[in-house]
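Participant: Provide a 3D model corresponding to the input given below.
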Amino acid sequence: MYRAVTYGVISHGINPDDIGAINTLLDTHPVTIVRHIGEKQIFLGDEDCTDKIRTPEVTNLVSKIAAYPFVRKKLVATQRELASGVNAVVEGRDMGTVVFPDADVKIFMTADPKVRALRRYHELIAKDPL
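Facilitator: Model prediction:
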């Protein structure tokens, strides 16, 4: 979800330091997740940005955008809304501590940094072979 907002900042030509414009983007282009034929699709407003959020440009900027408290507040609310009333399995760094602190079951897993880097490398190569 944070990558989708970051993609929106880039694709709409918003200055990453322009808090007002980013806030407006969040208000006018909600981030949603849709399941379609077993695959997860990420939307920013009406645009399917599933593949577009994995670019180097998004990767290089996502930490800055995700660090804004107002972005985190809005996306945490969205995540809670999406999981409300359903049995959900979610993943992410803050899911058990921030987004769903009262979850019935929490599993924390880590992977060796080399394994994570190799997995990410294979994901990138599969999407854009050299």
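
Participant: ok, now which ones touch Arg54?
Facilitator: Counting by Cβ atoms under 8 Å, 6 or more residues apart in numbering, Arg54 makes contact with Arg3, Glu123, Leu124, Lys127. (C-beta placed from N, C-alpha, C; glycine too.)

Participant: Name the member of those with the most neighbours.
Facilitator: Neighbour counts for those (other Cβ atoms under 10 Å) peak at Arg3, which has 22 neighbours.

Participant: My guess is that one contacts Val58. True?
Facilitator: Yes - Arg3 lies in contact with Val58 (Cβ atoms under 8 Å); the separation is 5.3 Å.

Participant: Report the residue spans of the protein with pLDDT below the cut-off.
Facilitator: 128-130 (pLDDT under 70).

Participant: hey, where'd the helices end up in it?
Facilitator: 2-11, 19-28, 56-66, 69-83, 113-127 (DSSP state H).

Participant: any idea which of those helices is most buried?
Facilitator: Per residue and on average, the most neighbours among these fall to helix 2-11, with a mean of 22 (mean count of other Cβ atoms under 10 Å).

Participant: Give me the contact list for it.
Facilitator: Helix 2-11 is touched from outside by 14, 16, 22, 25-26, 29, 31, 42-45, 49, 52-55, 57-58, 61-62, 65-66, 71, 75, with contacts defined as Cβ under 8 Å, 6+ apart.

Participant: Please compute how far it lies from its chain's middle.
Facilitator: Chain-centre distance of helix 2-11: 9 Å, with Cα atoms, centre = their mean, to the nearest Å.

Participant: cool, and stretch 65-79?
Facilitator: Put simply, stretch 65-79 sits 10 Å off its chain's centre (Cα atoms, centre = their mean).

Participant: residues in contact with that stretch?
Facilitator: By Cβ under 8 Å, 6+ apart, stretch 65-79 touches 1-2, 5-6, 9, 16, 19, 22-23, 26, 30-32, 90, 94-95, 98-99.

Participant: From the structure, what's the count of residues near Thr50?
Facilitator: Thr50: 17 surrounding residues under other Cβ under 10 Å.

Participant: Quick check: it touching Leu44?
Facilitator: No - counting by Cβ under 8 Å, Thr50 sits too far from Leu44 to count as a contact (10.1 Å).
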